[in-house]
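>>> sequence unknown, structure follows:
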């Protein structure tokens, strides 16, 4: 300490002592079985891989071990354990241990190993060609991706140079996106632009039609890929910056047209379900904005005309007639047995995806879009309403239908709401359904009642609507009877309010959001009749 406090340079004698100590710790290591193997005149790579200490020693930068492993023939052998399927009669070590240990060695961030890998095209080809096969070993695929990601992290320029010389790898990797580690690699590749050395990668991906390659996999023959493909595309949309050329390509007209064409192909259940999730995410991401040719964000006014709305919104509106057909008659309808032993038609993913997409459209908040939906697509609303009664035991259907109708009734302009209610003949439709379910245990009653409440609430606030509904035979008597029913139920549970009240507070709705979405707490929800939620494995097994 006294020496360090003195002014001037540290004496040379002390510098030599520090250097000696540094060299001591650098060369210091505990005895290892690997040392004994390396001292033998003849030994094999497998002898090293059998030792648990080999990974620890390579990470400790043991010189003798590095010298041996960086030989091209040994690196090639390590890679072959990772990329070649072991013979059926191979030992457990060959099948399981050696590939994992090889991966640990190659990803240990040893400069000499990485330098040899990226400078040897034959070794890189061995690694990247793993995904050129039609079918791959999933366990080995995760090890290969881990090795590729390690090179991408530490040797990015060399990695990108090789990748750009092998554009076919993009199609190979997307063809195996159902392997657990592949989506993570794709996301990292897309985000490599954030690194200074990765500049220009996104533009290269656009030029090589990476987006088109991904979208094309929504066709029926690639159903095993589509769930993971949709999740990857959604992650790209969510994580990409606004100026991303790849994001701009995703939003391009030809991309949206290709996506819609693929998912609307007949009998493409998986593609439709996964593709509609991407469409809904595009609506959320670009519903209030779009990117022009200069990638500048442009916000669109909520009162903009329909023809000025974002491209993806207009494209989805254009396919609503087709979606309405699918809503009525999905291509893959199934009959299931509920817990009462009754044979009933399953609700299905087609209908669920359409409801979710339609709700996304309503959430955009554009007045011209809402007018278009409520004036020119009334039949679709009618079919939504009918779903509540056809699939009253489904877990999702009544929730989405109630949200769609309640949102439309609340947001529409006065002149549009009157035309909508008259075209739909909503009051008579409600009275008809009320008579049909009278005396039955109707599972979706809370949602049905909320629709009625929102209609009567809008009736109190809109003179034209009040005049139209007052002329419907039996409507006033029905509302008065409900008022008495709700008053009695409010007395017991506090869950309902008087429909004749002047209060329009959302806090006094007949049912709270929590009570509607919590099926276990609803008094009239019969779990014995309800469709049971299934695991992903159970659901996938049904198709």
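Noted; the coordinates are in hand. Keep in mind that this is a model prediction, so the values were computed, not measured. Numbering: from 1, shown residues only.
>>> So which residues of this protein form strands?
289-291, 297-299, 335-337, 343-345 (DSSP state E).
>>> Tell me who's in contact with the closest residue in space to residue 130 that isn't next to it in sequence.
What sits nearest to residue 130 in space, not counting adjacent residues and going by C-beta to C-beta, 6 or more residues apart in numbering, is residue 83, at 4.4 Å. C-beta: built from backbone N, CA, C; applies to glycine. Going by C-beta atoms under 8 Å, 6 or more residues apart in numbering, residue 83 touches 126-127, 129-130, 140, 144.
>>> hang on, the earlier thing: comparing the strands of the chain, which gets the lowest mean pLDDT score?
Among the strands of the chain, strand 289-291 carries the lowest mean pLDDT, at a mean of 53.
>>> The nearest residue to residue 420 once chain neighbours are set aside: neighbour count?
Counting by C-beta to C-beta, 6+ apart, residue 420 lies nearest to residue 374, which is 4.3 Å off, once chain neighbours are set aside. A count of neighbours around residue 374, defined by other C-beta atoms under 10 Å, yields 23.
>>> Verify the stated contact: residue 374 with residue 381.
Yes - between residue 374 and residue 381 there is a contact under C-beta atoms under 8 Å: 7.4 Å.
>>> which residues do these two both contact?
408, 420.
>>> What are the boundaries of the helices in the stretch 101-250 of the chain?
111-119, 121-128, 138-154, 156-165, 168-174, 182-190, 201-207, 210-216, 223-239, 245-250 (DSSP state H, counting those that start in this stretch).
>>> mind putting those helices in JSON lines, distance to residue 74, mean neighbour count and mean pLDDT included?
JSON lines is the format used below for those (distance: least, C-beta to C-beta, whole Å; neighbours: other C-beta atoms under 10 Å; pLDDT from 0 to 100):
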{"stretch": "helix 111-119", "distance to residue 74": "10", "mean neighbour count": "17", "mean pLDDT": "93"}
{"stretch": "helix 121-128", "distance to residue 74": "11", "mean neighbour count": "16", "mean pLDDT": "94"}
{"stretch": "helix 138-154", "distance to residue 74": "15", "mean neighbour count": "19", "mean pLDDT": "94"}
{"stretch": "helix 156-165", "distance to residue 74": "20", "mean neighbour count": "16", "mean pLDDT": "92"}
{"stretch": "helix 168-174", "distance to residue 74": "25", "mean neighbour count": "18", "mean pLDDT": "96"}
{"stretch": "helix 182-190", "distance to residue 74": "26", "mean neighbour count": "19", "mean pLDDT": "93"}
{"stretch": "helix 201-207", "distance to residue 74": "32", "mean neighbour count": "19", "mean pLDDT": "92"}
{"stretch": "helix 210-216", "distance to residue 74": "35", "mean neighbour count": "20", "mean pLDDT": "95"}
{"stretch": "helix 223-239", "distance to residue 74": "35", "mean neighbour count": "19", "mean pLDDT": "94"}
{"stretch": "helix 245-250", "distance to residue 74": "39", "mean neighbour count": "22", "mean pLDDT": "90"}
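>>> quick one: which of these is nearest residue 274?
helix 223-239 (3.7 Å; C-beta to C-beta).
>>> Listing request: residues of this structure with sub-threshold pLDDT.
1-30, 194-196, 288-297, 339-340, 486, 489-543 (pLDDT under 70).
>>> at 50 instead, please
Scanning the chain for pLDDT under 50 picks out 1, 3-4, 20-22, 24-26, 291-294, 494-543.
>>> Taking the centroid of it, which residue is nearest it?
The centroid of the chain falls nearest to residue 231 when counting by C-alpha atoms, centre = their mean (3.1 Å).
>>> got the contact list for that residue?
Residue 231 neighbours (C-beta under 8 Å, 6+ apart): residue 183.
>>> Report the separation between it and residue 78.
Counting by C-beta to C-beta, to the nearest Å, the separation of residue 231 from residue 78 is 32 Å.
>>> Same check on residue 107?
11 Å.
>>> which of those two has more neighbours?
A count of neighbours by other C-beta under 10 Å puts residue 78 above the other of residue 107 and residue 78, at 24 against 21.
>>> Output the helices of the stretch 101-250 of the chain as JSON lines; include the columns distance to residue 282.
Below are these laid out as JSON lines (distance: least, C-beta to C-beta, whole Å):
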{"stretch": "helix 111-119", "distance to residue 282": "37"}
{"stretch": "helix 121-128", "distance to residue 282": "31"}
{"stretch": "helix 138-154", "distance to residue 282": "27"}
{"stretch": "helix 156-165", "distance to residue 282": "27"}
{"stretch": "helix 168-174", "distance to residue 282": "19"}
{"stretch": "helix 182-190", "distance to residue 282": "16"}
{"stretch": "helix 201-207", "distance to residue 282": "17"}
{"stretch": "helix 210-216", "distance to residue 282": "12"}
{"stretch": "helix 223-239", "distance to residue 282": "7"}
{"stretch": "helix 245-250", "distance to residue 282": "7"}
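>>> right, and the ones you listed - which one's nearest residue 443?
Short answer: helix 223-239, nearest of the helices of the stretch 101-250 of the chain by C-beta to C-beta, at 29.3 Å.
>>> Can you check what angle separates the closest one from helix 182-190?
Using axes from the mean of the first three to the mean of the last three C-alpha atoms, to 10 degrees, the inter-axis angle of helix 223-239 relative to helix 182-190 is 40 degrees.
>>> I'd guessed residue 33 sits against residue 50; true?
No - applying C-beta under 8 Å as the test, residue 33 and residue 50 come out as separate, 9.2 Å apart.
>>> which residue sits closest to residue 319, ignoring its sequence neighbours?
Per C-beta to C-beta, 6+ apart, closest to residue 319 is residue 260, 6.0 Å.
>>> Now do the one you found against residue 320, distance only.
Remark: distance between residue 260 and residue 320 (C-beta to C-beta) = 12 Å.
>>> And for residue 412?
Residue 412 is 17 Å from residue 320, by C-beta to C-beta.
>>> distance of residue 230 from residue 354?
16 Å.
>>> Same check on residue 395?
For residue 395, the distance to residue 354 (C-beta to C-beta) stands at 16 Å.
>>> Between these two, point out the one with more neighbours.
Counted by other C-beta under 10 Å, residue 395 and residue 354 do not tie: residue 354 has more neighbours, with 25 against 14.
>>> what's near enough to touch that one?
Applying C-beta under 8 Å, 6+ apart, the residues near residue 354 are 276, 323, 326-327.
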